[in-house]
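1. Provide a 3D model corresponding to the input given below.
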Amino acid sequence: MRYSFEFKVKCVEMYERGEYPETPNGITTRKFKDTIRKWKRMVDSLGVSVLRHKTKNKKWNPEEKLVLVSKILAGYSYNSVALDNGINYRTLYKWVQKYKEKGYNGLVDEKKERPRKVPIMKENSSPKPLKESEREELIRLRAENKF
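-> I've put the predicted structure just below:
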């Protein structure tokens, strides 16, 4: 469920006062309270602006990924590193698994393209030479088109 920025800020403020807002439909009370606590941790580490919806996801280069993966391998928790950098801990977990499996090359993004429905047609670089009858017909048709 997507919540507005204002709603998230209101929930965090109520949590700071020791209150919880009414649980919205479609989510359990426990899950909603966990979400509010997560928002609070995010606000504490990155500021209120982290609760805004992202217009575009950040593109992480392999060096940046390696820095985060090395923090995990050094003993930091997935949640703390993910919260500090504003990413999902599952994404971080996938990066660590790829790093363990393939090394640095696992952190390099593979180009993901949707396969074409129709393969690209190759141009005929050497057309077949015209027969004498075809050449005469071509000359005749060009002459007709001039008039």
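2. so Cys23, which of the three states?
-> One correction, residue 23 is Thr, not Cys. Here Thr23 is coil, with the state taken from DSSP: H, G, I helix; E, B strand; the rest coil.
3. isn't it right next to Phe32, touching?
-> Yes - shown here, Thr23 and Phe32 form a contact pair, counting by Cβ atoms under 8 Å, at 4.7 Å. Bear in mind the C-beta positions are built from the backbone N, C-alpha and C, glycine included.
4. who's more crowded, these two?
-> For Thr23 against Phe32, the residue with the higher neighbour count under other Cβ atoms under 10 Å is Phe32, and the figures read 19 against 14.
5. longest single helix anywhere in the chain?
-> helix 29-46 (DSSP state H).
6. how far is the helix or strand following it from where the chain is centred?
-> Downstream of helix 29-46, the first helix or strand assigned by DSSP states H and E is helix 62-73. Taking Cα atoms, centre = their mean, to the nearest Å, one finds helix 62-73 lying 18 Å from the centre of the chain it belongs to.
7. same deal with stretch 66-79?
-> Once both centres are worked out by Cα atoms, centre = their mean, stretch 66-79 turns out to sit 21 Å from its chain's centre.
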